[in-house]
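J.: no FASTA, just this:
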Ligand code: SF4
């Protein structure tokens, strides 16, 4: 069985910025992979709940204007450390997040507008050869 990095919030952990938890149907994923839960924003030293953040101009800023880029980058490095330790080829990460989002993220205006791009962790994992999926294209992951 291959190891899979997975966003902890997809497993119902209440590490989301708003401190809430949501359940997703991951039965098929659990049968096919060994799951390694990660939450890069927690690894980066941020609290839960926390002020939401978005990426703009190559940095990450929270809604109050605080630059939290360093925390996001630290969280990404920690996630990559685990990926290397467990020889991970695939990751299933939460869509649209400034850490975990893949392919599209919020545009930095805090208006709910999406733009093309990756979260900080998703980008670093991809740069290191790890294929990243989200809950929206899990079907492709299950074909691996
Ligand atoms: Fe943590 Fe990623 Fe989920 Fe955000 S999307 S709560 S960083 S696991």
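T.: Alright, I've got the coordinates. Bear in mind the structure is a predicted one, so any value in this text is a computation, not a measurement.

J.: Would you check how far apart the closest residue to residue 70 other than its chain neighbours and residue 73 are?
T.: Nearest non-adjacent residue to residue 70, counting by Cβ to Cβ, 6 or more residues apart in numbering: residue 44, 7.8 Å away. Just so you know, the C-beta spots here come from the backbone N, C-alpha and C atoms, and that holds for glycine as well. Residue 44 sits 7 Å away from residue 73, going by Cβ to Cβ, to the nearest Å.

J.: Equivalent analysis for residue 34, please.
T.: On the measure of Cβ to Cβ, residue 34 and residue 73 end up 27 Å apart.

J.: Between the two, which has more neighbouring residues?
T.: Set residue 34 next to residue 73 and count neighbours by other Cβ atoms under 10 Å: residue 73 wins out with 18 against 12.

J.: can you give me the mean pLDDT across the host helix or strand of the more buried one?
T.: Using DSSP states H and E, residue 73 sits within helix 69-85. In this model, helix 69-85 has a mean pLDDT of 98.
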